[in-house]
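Visitor: Provided below for reference: sequence and predicted model.
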Amino acid sequence: MDRVEYYEYITKEGDRWDLVAYEFYGDATRYEPIVRANFFDVGIKPILPGGLKLRIPVLELKNHIPPEELPPWKRA
């Protein structure tokens, strides 16, 4: 079985699953791996309280473009 690596993230008041996914993956629709990794500890909440420790799975991003190669308006 493959070992999954995780980032650790402490939520800010008002965070949502999609916002966290966007912050880590650059795609708000990729929130499902984050929800699955935290389901038993956090449950499903539409808005996350501040101070929760989330596990963010490290995903292999297909067709990932390094930030320095993106046009200026797409850089974070």
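Guide: Great, that's in hand. This one's a predicted model, so the numbers in the text were calculated from it and none came from an experiment. Numbers count the residues shown, from 1 in each chain.
Visitor: Could you use CA atoms for every contact and neighbour count after this?
Guide: OK.
Visitor: what's the nearest residue to Tyr22 once chain neighbours are set aside in contact with, if anything?
Guide: Spatially, and ignoring its direct neighbours in sequence, Tyr22 is nearest to Ala28 (4.3 Å; Cα to Cα, 6 or more residues apart in numbering). Neighbouring residues of Ala28 by Cα atoms under 8 Å, 6 or more residues apart in numbering: Asp18, Leu19, Val20, Ala21, Tyr22.
Visitor: go with 6 Å
Guide: Asp18, Ala21, Tyr22 (Cα atoms under 6 Å, 6 or more residues apart in numbering).
Visitor: just the helices in this structure please.
Guide: Secondary structure of the chain (DSSP state H): helices located at 17-25, 32-42.
Visitor: for stretch 58-66, what is the average pLDDT?
Guide: Summarised as a single mean, pLDDT over stretch 58-66 is 67.
Visitor: between the contacts of Ala28, which is nearest Ile44?
Guide: Taking Cα to Cα as the measure, Ile44 lies nearest Asp18 of those, at 12.4 Å.
Visitor: Quickly note the distance from the one residue sitting closest to the centre of the chain to Val58.
Guide: For the chain, the residue nearest the mean C-alpha position is Ala21 (3.2 Å; Cα atoms, centre = their mean). Distance, Ala21 to Val58, using Cα to Cα, to the nearest Å: 11 Å.
Visitor: Kindly state the beta-bridge partners for Ile10.
Guide: In this entry, Ile10 is beta-bridged to Lys53, by DSSP bridges.
Visitor: how many other residues sit next to it?
Guide: As a burial measure, Ile10 scores 13 neighbours (other Cα atoms under 10 Å).
Visitor: Give me the distance between it and Trp73.
Guide: As judged by Cα to Cα, Ile10 and Trp73 stand 27 Å apart.
Visitor: same deal with Arg16?
Guide: Computed as Cα to Cα, the Arg16 to Trp73 distance reads 24 Å.
Visitor: pLDDT weak spots in this structure?
Guide: Within the chain, the stretches with pLDDT under 70 are 1-4, 61-67, 70, 74-76.
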